[in-house]
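K.L.:
I need the structure of the sequence given here:
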Amino acid sequence: MSFSYQLKLSSRRKSVAIKIVKGQVNVYAPKNVDQQFLVAWLDSKASWVIEKQQESERLFQAELRQKSESFYLNGTRYSIVMASSCRTPCLCPETGVLRVSENDMLNLNTQLEKIYCESLSRILDSRLKYWASRMNTHFQSVKIRHYKSRWGSCDSKGRLTFNSKLACLPESLIDYVVVHELAHRTYMNHSKAFWTLVSQYYPEHEKAKQEIRRWARLV
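P.N.:
Residues are numbered from 1 along each chain as shown. Below you'll find the predicted structure:
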């Protein structure tokens, strides 16, 4: 026997059956069932049972994950709901819910990273143009990637890179990070002159830095 099971006998049953719940295999059979027949019948069902057992376990783990998972997008907390009818992740801002399929739930980090990148790309497209114009500066390129600790960077050639998790933050804090990085187009350091420039366009930058530290613990 290539799988374990719990046998449940009943004098009322007239046939054998298998039921798999949360990865546990239950076998139902008549009380006077022939043991040799039962063993042979179960052997013939082994491949099917193992496949269904693995499928049941995957579904169970996905359901457990759903109960504990939530995430932030643009400062709003979203709950994650598994829905078999969803072919692709469906974000509902009105209800604060992300609906995903079982497969997407099992690959949730990949799906969330995609959502972060798409959302942040849309925001940066407008906010970078706005702030670059106001600050009378320019940049060469923009990339979004996953950083462990930093929120953004700017090199001497004007290539900007932003943390995908920035999408979790409210847009006002994204503005601060954009202003901060664009200020590096003038000062490639954190000198007094740099912070004076940042203050000119984002006066509450100290408060923003504190808020971002708080968000870093959440996301």
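K.L.:
Going by C-alpha atoms from here, please, whenever you check contacts or count neighbours.
P.N.:
Noted.
K.L.:
any idea of the pLDDT on residue 12?
P.N.:
Predicted confidence (pLDDT) at residue 12: the value is 84.
K.L.:
What residues of the strand or helix carrying residue 37 count as buried?
P.N.:
In the assignment (DSSP states H and E), residue 37 maps to helix 35-44. Residues residue 42 are the ones in helix 35-44 that count as buried (16 or more other Cα atoms under 10 Å).
K.L.:
Dump the C-alpha coordinates for it into PDB.
P.N.:
Presented in PDB, the C-alpha positions along helix 35-44 are these (Å, rounded to 0.1, in the frame of the first residue of the first chain):
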ATOM      1  CA  GLN A  35     -10.100  -7.900   3.200                       C
ATOM      2  CA  GLN A  36      -8.300  -9.300   0.200                       C
ATOM      3  CA  PHE A  37     -10.800  -7.600  -2.100                       C
ATOM      4  CA  LEU A  38     -10.400  -4.300  -0.200                       C
ATOM      5  CA  VAL A  39      -6.600  -4.300  -0.400                       C
ATOM      6  CA  ALA A  40      -6.700  -5.100  -4.100                       C
ATOM      7  CA  TRP A  41      -9.300  -2.400  -4.700                       C
ATOM      8  CA  LEU A  42      -7.300   0.200  -2.800                       C
ATOM      9  CA  ASP A  43      -4.100  -0.800  -4.700                       C
ATOM     10  CA  SER A  44      -5.900  -0.200  -8.000                       C
END
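K.L.:
helices and strands around that helix, which ones?
P.N.:
Judged by 3 or more Cα pairs under 8 Å, 6 or more residues apart in numbering; DSSP states H and E, helix 35-44 has no packing partners among the helices and strands.
K.L.:
Before I go, just wanted to say thanks for your time.
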